[in-house]
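Peer 1: here is a sequence with its predicted model. Questions after.
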Amino acid sequence: MYKIERAFPKELEYAEKLVCLMDDQFKIPWVNFRFGIDPVIGLVPWAGDIISFVISILIISAFVRNGVPFSVILRMIANIVLDLVVGGIPVLGSVWDFFFKANRKNLKLAREYFEVAQ
């Protein structure tokens, strides 16, 4: 049997671009470290973390609309809530945001679901 390639829905391509912007748009040369605007936004105490959280909710809502099951969505919500809570801690939260890429983790969960669902 042939494996049928099922492309991600168009809306997930938008979510993927948003994840890239939030978590790994920029690269630090020589060390191959990537980061996005999430940790930069997070430098604004609490308001920045809330803005990032809302953007993360928008990404998750795209996954919900495209049929990602509730059990996977709960794991995604846990990722962004953890990011919000730890990100709100002064100094530690700013460092945390550079390394804990909740949106990238959530995109990986969605990709794994769609690969299995094929």
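Peer 2: Arrived safely, thanks for sending.

Peer 1: how about stretch 22-41: buried residues?
Peer 2: 22-24, 35-41 (16 or more other Cβ atoms under 10 Å). C-beta here means a position set from N, CA and C on the backbone, and glycine is covered the same way.

Peer 1: now do that stretch: distance to the chain's middle.
Peer 2: From the chain centre to the centre of stretch 22-41 is a distance of 13 Å (Cα atoms, centre = their mean, to the nearest Å).

Peer 1: switch the buried residues of stretch 22-41 over to TSV; also include distance to Arg111, secondary structure and pLDDT.
Peer 2: Converted to TSV, the buried residues of stretch 22-41 look like this (distance: Cβ to Cβ, whole Å; DSSP: H, G, I helix; E, B strand; the rest coil; pLDDT from 0 to 100):
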residue	distance to Arg111	secondary structure	pLDDT
Met22	16	helix	95
Asp23	14	helix	94
Asp24	15	coil	93
Phe35	21	strand	93
Gly36	18	coil	94
Ile37	22	helix	95
Asp38	19	helix	93
Pro39	23	helix	92
Val40	25	helix	92
Ile41	25	helix	93
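
Peer 1: farthest pair in these?
Peer 2: Asp24 and Ile41 (14.4 Å; Cβ to Cβ).

Peer 1: list the contacts of the helix or strand Val95 falls within.
Peer 2: Val95 is part of helix 92-99, with elements assigned from DSSP states H and E. With Cβ atoms under 8 Å, 6 or more residues apart in numbering as the contact definition, helix 92-99 has outside contacts at 35, 38-39, 42-43, 49, 52, 83, 86-87, 89.

Peer 1: ok, now with 10 Å
Peer 2: 23, 33-36, 38-43, 45-46, 48-49, 52, 82-89, 100 (Cβ atoms under 10 Å, 6 or more residues apart in numbering).

Peer 1: kindly report the same for stretch 76-86.
Peer 2: 38, 42, 46, 49-50, 52-57, 59-60, 63-64, 68, 87, 92-93, 95-97, 100-107, 109-110.

Peer 1: do you know how far the spatially most central residue of the chain is from Ile55?
Peer 2: Central residue of the chain (Cα atoms, centre = their mean): Asn103, 0.7 Å from the mean position. Separation of Asn103 from Ile55 (Cβ to Cβ, to the nearest Å): 8 Å.
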